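> okay, structure incoming, though there's no sequence with it:
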C-alpha cells in the first residue's frame with residue numbers, strides 16, 4: 001500500500017491488532033534514494049535490556065530487503081521458511097505466547113532460528129535447494 005508516512009503509521013498500528021502484535025510486522029519505505037527496511041515498532045526503547053522484544057518484525061524486514069532490494073529470493077525464502085518451522089515448533093516471545101507455547105526471550109528465539117537456518121543449510125537438498 002502506498003501512502004503518506006502519517007497515514008502509514010495509522011494503518012500499520014491498526015494492522016498490528018489483526019496479527020496479534022506490533023512486533024510481527026515488517027515495513028519498507030521506497031523513495032528516490034535507497035529503500036529503508038525496518039519493523040513498524042521501531043527500536044522499542046521501553047523494552048531495552050528486558051529480552052522481551054519480538055524479533056520477527058526485524059527478521060521479516062530483512063527478508064524484504066533481501067528480496068526487494070537485492071533480488072536474493074532464495075535467501076529470503078530460506079529465512080522465512082526457517083522462521084515458519086521455528087514457530088511451528090511452538091517457540092514464542094511473551095507478546096505472542098499462547099497456551100502450551102515455548103515462551104522464550106528474543107535472544108533465545110533468534111538463536112533457535114539461527115540453529116534452524118544452519119540445519120536447513122546443511123540439508124538443502126531436502127528442501128529442493130541447490131546450495
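Cool, the structure landed. Just so it is clear, the model here is predicted, and its values are computed rather than measured.

> any idea which helix or strand in this protein has the lowest mean pLDDT?
Within the chain, no helix or strand scores below helix 5-19, which has a mean of 73 by mean pLDDT, DSSP states H and E.

> who are the packing partners of that one?
strand 26-29 (3 or more Cβ pairs under 8 Å, 6 or more residues apart in numbering; DSSP states H and E). C-beta here means a position set from N, CA and C on the backbone, and glycine is covered the same way.

> which parts of the strand it packs on count as buried, going by neighbours?
Within strand 26-29, the residues that count as buried by 16 or more other Cβ atoms under 10 Å are 26, 27.

> point out where this protein drops to low pLDDT.
Low-confidence regions of the chain, defined by pLDDT under 70, span residues 1, 16-17, 19-20, 22, 42, 125, 127-131.

> any idea which helix or strand carries the residue sitting furthest away from the middle of it?
Largest separation from the mean C-alpha position in the chain: residue 32, at 25.3 Å (Cα atoms, centre = their mean). Element membership of residue 32 [criterion: DSSP states H and E] is none; it lies in no helix or strand.
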